[in-house]
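[1] Okay, here's the prediction I keep looking at, along with the sequence it came from:
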Amino acid sequence: MSKIINRPHLVFLLSTPIIILIGFLIRTEILHINVLDTYFVFSKTDLTIMIVILFMIIGLSYLLMIKSNRSLSRWLSLIHISLTFGGILLIIFLAQLFRESKMEYDFNNALSSAISLIALITIIGQIVFPINMIYGLIKNKTSG
């Protein structure tokens with residue numbers, strides 16, 4: 001666990017090939033997101049590309065901070081990694097529980113609300129990343 005906290009760039013950079021592979025496997029699927037009366041329709045391939053670009057930027061930023069001998073907050077790194085990957089994995093797990101039957105409308109509605117809340121927490125949790133970067137720039141350089 002300490003390797004992940006001390007080298008957060010490895011988690012993001014090593015997860016990108018896995019995400020690309022998954023993106024190739026689900027390239028024909030479409031993601032529908034309903035927000036109030038508006039439907040947002042995304043190709044899962046486009047979503048995969050956006051996530052890979054985001055993870056590459058985050059991973060390279062962490063790597064740049066470490067290579068320039070700036071110390072990052074261990075707690076902020078842990079919170080950022082946990083919210084990012086924990087939220088994504090939880091959303092993927094909960095999405096598998098959707099039921100096709102019309103009789104299960106209440107269950108699917110509650111499940112959609114839970115997934116939306118987790119997605120919102122995951123997105124808001126990304127604010128921790130720039131806070132950690134600013135913390136690393138303001139704090140003195142590490143001795144090493």
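    That came through, no problem. Numbering: from 1, shown residues only.

[2] Any stretches of this protein with poor pLDDT?
    Scanning the chain for pLDDT under 70 picks out 1-2, 4-5, 99-106, 140-144.

[3] Tell me which stretches of this structure form helices.
    2-6, 8-25, 44-67, 74-81, 87-95, 105-124, 128-138 (DSSP state H).

[4] Mean neighbour count, these: which tops it?
    helix 74-81 (a mean of 18; mean count of other CB atoms under 10 Å). For glycine as for every other residue, the C-beta is placed from the backbone atoms N, C-alpha and C.

[5] what about it, distance to the chain center?
    13 Å (CA atoms, centre = their mean, to the nearest Å).

[6] Also compute the angle for that helix relative to helix 44-67, please.
    On the basis of axes from the mean of the first three to the mean of the last three CA atoms, to 10 degrees, helix 74-81 is oriented at 170 degrees to helix 44-67.

[7] most centrally placed residue in this protein?
    In the chain, the C-alpha nearest the mean C-alpha coordinate belongs to Thr84, at 3.6 Å (CA atoms, centre = their mean).

[8] so how far is Phe107 from it?
    Going from Thr84 to Phe107 by CB to CB, to the nearest Å gives 28 Å.

[9] and if you look at Tyr39?
    Separation of Tyr39 from Phe107 (CB to CB): 21 Å.

[10] for Ser82, same thing?
    Taken as CB to CB, the span from Ser82 to Phe107 is 28 Å.

[11] Kindly report the same for Ala119.
    18 Å.

[12] In CSV, could you pull the C-alpha coordinates for stretch 29-42?
    The C-alpha coordinates for stretch 29-42 follow below in CSV (Å, rounded to 0.1, in the frame of the first residue of the first chain):
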residue,chain,number,x,y,z
GLU,A,29,-22.1,-0.3,-26.8
ILE,A,30,-23.7,3.0,-26.0
LEU,A,31,-24.1,4.7,-22.6
HIS,A,32,-27.4,6.5,-21.8
ILE,A,33,-27.4,9.0,-19.0
ASN,A,34,-30.7,10.5,-17.9
VAL,A,35,-30.6,13.7,-16.0
LEU,A,36,-34.0,15.0,-15.2
ASP,A,37,-35.7,15.3,-18.7
THR,A,38,-32.4,15.2,-20.7
TYR,A,39,-30.8,12.2,-22.1
PHE,A,40,-27.0,12.2,-22.7
VAL,A,41,-25.9,9.5,-25.1
PHE,A,42,-22.2,8.5,-25.3
